[in-house]
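Peer 1: After the sequence you'll find the predicted model.
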Amino acid sequence: QLHLAESGGGLVQPGGSLRLSCAASGYSSYYHAIAWFRQAPGKERELVSCISGGGGRIYYAEAVKGRFTTSRDNNKNTMYLQMNSLKPEDTAVYYCAAENLALSCEVYRPHEYKNWGQGTQVTVSS
């Protein structure tokens, strides 16, 4: 059983930065793909960024490319989402997810990830 726990959300002004963390406990494999999703009120959960298992390529959604950076520290079983130049449209609940996936992580829909954190609220507002 893999347990994920996010932290680092909060309220920030437009143009500000936040770093989200996702700590994994239980069985965690270097070969798990890891992902950050977000869900705004009234919208579907969408993929923000992911890293394919085994040190595979990193994917970013167009809306966050150049502003967000995903990384993982395998020694600490933790992944991070550094968010810079935040915009009001980035406001959402952010979730981390992990799964043992055969293909590149960006082709998978949210329901195909079986391991999720509880989510952390990010609000970008002046």
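Peer 2: Now that the structure is in, tell me what you want to look at. Numbers count the residues shown, from 1 in each chain.
Peer 1: Could you pull up the residues touching the closest residue to Ser125 other than its chain neighbours?
Peer 2: Leaving aside its chain neighbours, Ser125 sits nearest to Pro88 (6.3 Å; criterion: CB to CB, 6 or more residues apart in numbering). C-beta here means a position set from N, CA and C on the backbone, and glycine is covered the same way. Pro88 makes contacts with Pro14, Val124, Ser125, as judged by CB atoms under 8 Å, 6 or more residues apart in numbering.
Peer 1: ok, and the most crowded of those?
Peer 2: Highest neighbour count within those, by other CB atoms under 10 Å: Val124, with 19 neighbours.
Peer 1: Tell me the predicted confidence for that residue.
Peer 2: You'll see Val124 listed with a pLDDT of 98.
Peer 1: The most centrally placed residue in the chain: which element?
Peer 2: Centrality entry for the chain: nearest residue to the mean C-alpha point is Trp36, 1.8 Å, by CA atoms, centre = their mean. Per DSSP states H and E, Trp36 falls inside strand 33-39.
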